[in-house]
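Asker: okay, predicted coordinates and the sequence, questions at the end:
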Amino acid sequence: MEKAHFYHALKVVEKACIGCTHCMNVCPTSAIRVKNGIADINKNACVDCGECLNSCPVNAIIVEQDDFSQIFHYKQRVALLPTVLLGQFPDDISEKQIYSVILELGFTHVYEVDETADILTEVTKTYMQKHHQERPFISSFCPAIVRLIQVKFPALVEHIIHLKPVIDISAIFYREKLKNEGFSDDEVGIFYVTPCAAKIAAVKSPVGEDKSFIDGVINMDFIYNKVLLSIKQNKSKELKYELNKHISRRSIGWTLTNGEASQYSGRCLAIDEIHNVIEVLEKLENEEITDVDFVELRACDHSCAGGVLTTENRFLAIERLRKRADWYHRNKPIILEPKEIEEYRPYLLENISIKSIEPRSILSLDTDMMEAMKKMEKINRILKVLPSIDCGACGAPRCQALAEDVVQGKAKMTQCVFLQKMLTKEGLITPQESFDISENTWGVKRFEKKNINDH
Amino acid sequence: MVFTFCIEGGNFSKAGSASSEVKKILKQLNVDSKIIKRTVVSLYEAEVNVVAHAFDGDMIVEIFPDKIAVRIEDKGPGIPDIDKAMEKGFSTATPKVREMGFGAGMGLPNIKKNSDEMNISSKVNVGTKLEIVNYLK
């Protein structure tokens, strides 16, 4: 069940926003308008990709996170880490140190989510054989992409593999494991350390699930700062964590580009960065690309290493992760017992499916086609008088967007600065009226008199 | 509502742009996504046919409350034997065109498969007219 209201982790800090249009112009779903001098995000259209955050010159767009102290509401506190976290730290900081500090922060267990990639890969192979008529298969890995397909490519929704991503599988595994150790459901708190905004939104309003398997989300840059601070100040007295595990190369590479696509046979494509993804989805939808078996699509440049909450340069982070994977591959620590997760395999397989992913197109002008046709005719008429230079001075990213907003009753044609000038010249609106309209779009502050000599 | 798009013969880099535009329009009109898909796939094939074989052409899209009717008219060599062209795998495309991933001989059969009605008429050395109708209900 999807909630009518979509939770978004990306928030505009109104005090900081200068209404500069950078975010409005880069938003891949045209979800942003400038109103009263402040960026306004349309909740139905936003897919939490984070492009706006990256483009903001004044850090006015932030990723809202849960209060850290909430972890102490639970007796058992599990930190689910993305593998990219380990790529953020300088080489002289060891895995053991990082894990130990995270435990010191108050967690009782640390687990890397991508460790369940092995199970997911196997299940995906069977899934693709069983549902072969649904080719090309689209990975459900990236929540921003799942949402992008829902809002912009509704015809492709059925091609999304209806299997849970590793983050959910890991959460289900760990909860069940702790339950078997004798803890009750409300004693167990599972927290995901996220490299991006989309994963938070996926936890807060999951697609195709009734409720999330995760109790809270912590931003990766927060953990990064805590860990570095503790190590630099030599706070940790002893290394709490015993390193006695083995992570496969597949798991470590899972969140990097080609992490999934390299696992399957047939023709597999790996595409990262949301605009690249949109280009490929257009082609898939037109069946210009046929004969593809599997597509891995990630919203961030260089996949999760480029997430908005990463701190390290993505190329350096990727290099470090590759080294880490090679190390595990070469120096396989002797593991006498089979991996614990194997005991849970049947349970996980039972719970691995996603119920349904519903399309929710943002493109249609009206649910009634006759109304939509009327609106489209109006839009085309309006476009004839707009300058079609997409200057953004009306507070909408393109002339087309303004025309659509006007027809939907969300904007006025006179917001166009070109029309304002023409109407003023012809005496149809007064200069004061024109000024008032601009103040409505850009806020009163934007038009305060400034002295060139002021500092 | 009527929309007209020009198709430039021989320019494969632009092949598909008219059908993509039609797709955008149909999405805005809240047409069922399965019908959009069928329509766009058939239009894409038709568009590529014009690019691959003709000098230039027009795609005229008419949208009615109950159907989408598209005419694709080109000036070009025409099709001497339409029945033959309708056969799966039959193609007159040059090896160069095939290397670009086109010309597998699935064009017309695929259009037929993805449309409710299809009419084709052609005059050798004059051009080809193709009509595609997809019903909305």
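Answerer: That came in fine, so what should we check first?

Asker: use CA for all of it now, contacts and neighbours both
Answerer: Fine.

Asker: report the separation between the closest residue to residue A:72 other than its chain neighbours and residue A:126.
Answerer: Once flanking residues are discounted, residue A:72 sits nearest to residue A:106: 7.7 Å by C-alpha to C-alpha, 6 or more residues apart in numbering or on different chains. Distance, residue A:106 to residue A:126, using C-alpha to C-alpha, to the nearest Å: 39 Å.

Asker: which of the two has more neighbours?
Answerer: In this view residue A:106 and residue A:126 are compared by other C-alpha atoms under 10 Å in any protein chain shown, and residue A:106 has more residues nearby, 16 against 11.

Asker: next up, phi/psi of the more buried one, please.
Answerer: phi 130, psi 0 (degrees, to the nearest 10).

Asker: contacts only, for the closest residue to chain B within chain A.
Answerer: Relative to chain B, the nearest point of chain A is residue A:364 (3.8 Å; C-alpha to the nearest C-alpha). Going by C-alpha atoms under 8 Å, 6 or more residues apart in numbering or on different chains, residue A:364 touches A:372, B:27, B:28, B:29, B:30.

Asker: you'd agree the second one is up against residue B:36?
Answerer: When you say that, I think you mean residue B:27. Yes. Counting by C-alpha atoms under 8 Å, residue B:27 touches residue B:36, with 7.4 Å between them.

Asker: with neighbour numbers in mind, choose between these two.
Answerer: residue B:36 (24 against 20).

Asker: which helix or strand contains the more buried one?
Answerer: helix B:33-53 (DSSP states H and E).

Asker: kindly export that helix (C-alpha atoms) in CSV.
Answerer: Extracted C-alpha coordinates of helix B:33-53, given in CSV (Å, rounded to 0.1, in the frame of the first residue of the first chain):
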residue,chain,number,x,y,z
SER,B,33,0.2,3.0,-21.0
LYS,B,34,-0.2,-0.3,-22.9
ILE,B,35,-1.9,1.5,-25.8
ILE,B,36,0.9,4.1,-25.8
LYS,B,37,3.5,1.4,-26.0
ARG,B,38,1.8,-0.4,-28.9
THR,B,39,1.3,2.9,-30.8
VAL,B,40,4.9,4.2,-30.2
VAL,B,41,6.5,0.9,-31.1
SER,B,42,4.6,0.8,-34.4
LEU,B,43,5.3,4.4,-35.1
TYR,B,44,9.0,3.9,-34.4
GLU,B,45,9.2,1.1,-36.9
ALA,B,46,7.3,3.2,-39.5
GLU,B,47,9.6,6.2,-38.9
VAL,B,48,12.7,4.1,-39.3
ASN,B,49,11.3,2.7,-42.6
VAL,B,50,11.0,6.2,-43.9
VAL,B,51,14.5,7.1,-42.8
ALA,B,52,15.9,3.9,-44.3
HIS,B,53,14.1,3.9,-47.6
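
Asker: what angle separates the very next helix or strand once past that helix from helix B:33-53?
Answerer: Downstream of helix B:33-53, the next assigned helix or strand under DSSP H and E is strand B:56-63. Using axes from the mean of the first three to the mean of the last three C-alpha atoms, to 10 degrees, the direction of strand B:56-63 lies 160 degrees away from that of helix B:33-53.

Asker: centre of the chain to the helix or strand that strand B:56-63 is followed by, how far?
Answerer: Per DSSP H and E, the first helix or strand lying C-terminal to strand B:56-63 is strand B:67-75. Offset of strand B:67-75 from its chain centre (C-alpha atoms, centre = their mean, to the nearest Å): 8 Å.

Asker: in strand B:67-75, what counts as buried?
Answerer: Residues B:68, B:69, B:70, B:71, B:72, B:73, B:74, B:75 are the ones in strand B:67-75 that count as buried (16 or more other C-alpha atoms under 10 Å in any protein chain shown).

Asker: one more: stretch A:36-48?
Answerer: By 16+ other C-alpha under 10 Å, the buried positions in stretch A:36-48 come out as A:36, A:37, A:38, A:39, A:40, A:41, A:44, A:45, A:46, A:47, A:48.

Asker: which one among these gets closest to residue B:1?
Answerer: residue A:45 (27.3 Å; C-alpha to C-alpha).

Asker: what domains does the record give for chain A?
Answerer: A:10-63, A:68-350, A:369-442 (automatic domain parsing).

Asker: mean pLDDT lowest where, among those domains?
Answerer: The weakest mean pLDDT among those belongs to domain A:68-350, with a mean of 91.

Asker: counting neighbours, what do you get for residue 85?
Answerer: Just going to use chain A. 24.

Asker: that's the other chain; I wanted chain B
Answerer: That count, for residue B:85 with other C-alpha under 10 Å as the rule, works out to 18.

Asker: get me the contact residues on chain A for chain B.
Answerer: A:154-155, A:282, A:285-288, A:363-370, A:372-373, A:376 (C-alpha under 8 Å from any C-alpha of the partner chain).

Asker: now the end-to-end length of stretch A:384-396.
Answerer: So stretch A:384-396: terminal residues 17 Å apart, C-alpha to C-alpha.

Asker: centre of the chain versus that stretch, how much separation?
Answerer: On the basis of C-alpha atoms, centre = their mean, stretch A:384-396 sits 29 Å off its chain's mean C-alpha point.

Asker: which residues in the stretch 301-450 of chain A form helices?
Answerer: A:314-330, A:345-350, A:369-385, A:399-407, A:417-425, A:431-442 (DSSP state H, counting those that start in this stretch).

Asker: how many degrees apart are the last one and helix A:417-425 in direction?
Answerer: Helix A:431-442 runs at 160 degrees relative to helix A:417-425, counting by the same axes, to 10 degrees.

Asker: who does helix A:431-442 touch, helix- and strand-wise?
Answerer: Helices and strands touching helix A:431-442, by 3 or more C-alpha pairs under 8 Å, 6 or more residues apart in numbering or on different chains; DSSP states H and E, are strand A:32-35, helix A:417-425.

Asker: need these in CSV (columns: mean neighbour count).
Answerer: As requested, the helices and strands packed on helix A:431-442 are exported to CSV (neighbours: other C-alpha atoms under 10 Å in any protein chain shown):
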stretch, mean neighbour count
strand A:32-35, 24
helix A:417-425, 16
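
Asker: same list (these) but as CSV, adding distance to residue A:172.
Answerer: As requested, those are arranged in CSV below (distance: least, C-alpha to C-alpha, whole Å):
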stretch, distance to residue A:172
strand A:32-35, 36
helix A:417-425, 54
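
Asker: so which bits of the helix or strand containing residue A:103 are buried?
Answerer: Secondary structure from DSSP H and E places residue A:103 in helix A:95-104. For helix A:95-104, a neighbour-count test (16+ other C-alpha under 10 Å) marks A:97, A:98, A:99, A:100, A:101, A:102, A:103, A:104 as buried.

Asker: who's the closest spatial neighbour of the residue of chain A closest to chain B, skipping the chain neighbours?
Answerer: The nearest residue in space to residue A:364 (C-alpha to C-alpha, 6+ apart) is residue B:28, at 3.8 Å.

Asker: OK, contacts around that neighbour?
Answerer: A:363, A:364, A:365, A:366, A:372, A:376.

Asker: ok, now with 10 Å
Answerer: Applying C-alpha atoms under 10 Å, 6 or more residues apart in numbering or on different chains to residue B:28 gives the contacts A:361-367, A:369, A:372-373, A:375-376, B:22.

Asker: how about the nearest residue to residue A:76 once chain neighbours are set aside, phi and psi?
Answerer: Computed as C-alpha to C-alpha, 6+ apart, the closest residue to residue A:76 that is not its neighbour in sequence is residue A:188, at 4.8 Å. Main-chain dihedrals, residue A:188, degrees, to the nearest 10: phi -100, psi 120.

Asker: my understanding was that residue A:188 contacts residue A:75; is that so?
Answerer: Yes. Residue A:188 is within contact range of residue A:75, at 6.3 Å (criterion: C-alpha atoms under 10 Å).
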